[in-house]
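Q: one predicted model, sequence on top.
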Amino acid sequence: MKLSDVLVKPIVTEKSNKLSDTSKTYAFRVDRRANKLEVKKAVEDFYGVTVTEVNTVVVPAKSKSKFTKAGFISGRKPAYKKAYVKVAEGETIDLYSNI
């Protein structure tokens, strides 16, 4: 798998911002087929930091339904994989530089 396909996008939420401030851990949405070694290599190459630890989580699919004028609509949100990446002490990743 190419390294450009591994990282989908960074996850920017209140929880991930708190993790990045307190424990230098950043959250990324990654490809479902990517393993921890590929995630580590991709983050080190794209952001120029030293990664010390990678934890991955597969978020399960969710059923969603709503009632509209057209009737009852039901569907599913797809499953995805999240990676929590901890960088070395003294290093940071600037996620807001591209905005």
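A: Ah, there it is. Numbering: from 1, shown residues only.
Q: what about the longest helix along the chain, average pLDDT?
A: With secondary structure taken from DSSP state H, the chain has its longest helix at helix 36-47. Taken as a whole, helix 36-47 has a mean pLDDT of 94.
Q: got a list of contacts for the following helix or strand past it?
A: Scanning forward in sequence from helix 36-47 by DSSP states H and E, the next helix or strand is strand 51-59. Outside strand 51-59, the residues within contact range by C-beta atoms under 8 Å, 6 or more residues apart in numbering are 30, 32, 35-36, 39-40, 43-44, 79-88. For every residue, glycine as well, the C-beta is placed using N, CA and C.
Q: would you mind measuring from residue 78 to residue 43?
A: Distance, residue 78 to residue 43, by C-beta to C-beta, to the nearest Å: 23 Å.
Q: higher neighbour count, these two?
A: residue 43 (25 against 9; other C-beta atoms under 10 Å).
Q: in contact with that one, which residues?
A: 7, 26, 28, 49, 51, 85, 93.
Q: now the strands for this protein?
A: Taking DSSP state E, the strands of the chain run over residues 7-10, 25-30, 51-59, 62-68, 71-77, 80-87.
Q: now the angle between strand 62-68 and the fifth one, please.
A: Going back to what we said before, that points to strand 71-77. 160 degrees (axes from the mean of the first three to the mean of the last three C-alpha atoms, to 10 degrees).
Q: send the alpha carbons of strand 71-77 over as PDB?
A: Extracted in PDB, the C-alpha atoms of strand 71-77 (Å, rounded to 0.1, in the frame of the first residue of the first chain):
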ATOM      1  CA  GLY A  71     -41.500   8.300   4.600                       C
ATOM      2  CA  PHE A  72     -39.200   6.300   6.800                       C
ATOM      3  CA  ILE A  73     -35.700   6.300   5.500                       C
ATOM      4  CA  SER A  74     -33.100   3.900   6.900                       C
ATOM      5  CA  GLY A  75     -29.400   3.400   6.000                       C
ATOM      6  CA  ARG A  76     -26.000   2.700   7.400                       C
ATOM      7  CA  LYS A  77     -22.900   4.800   8.100                       C
END
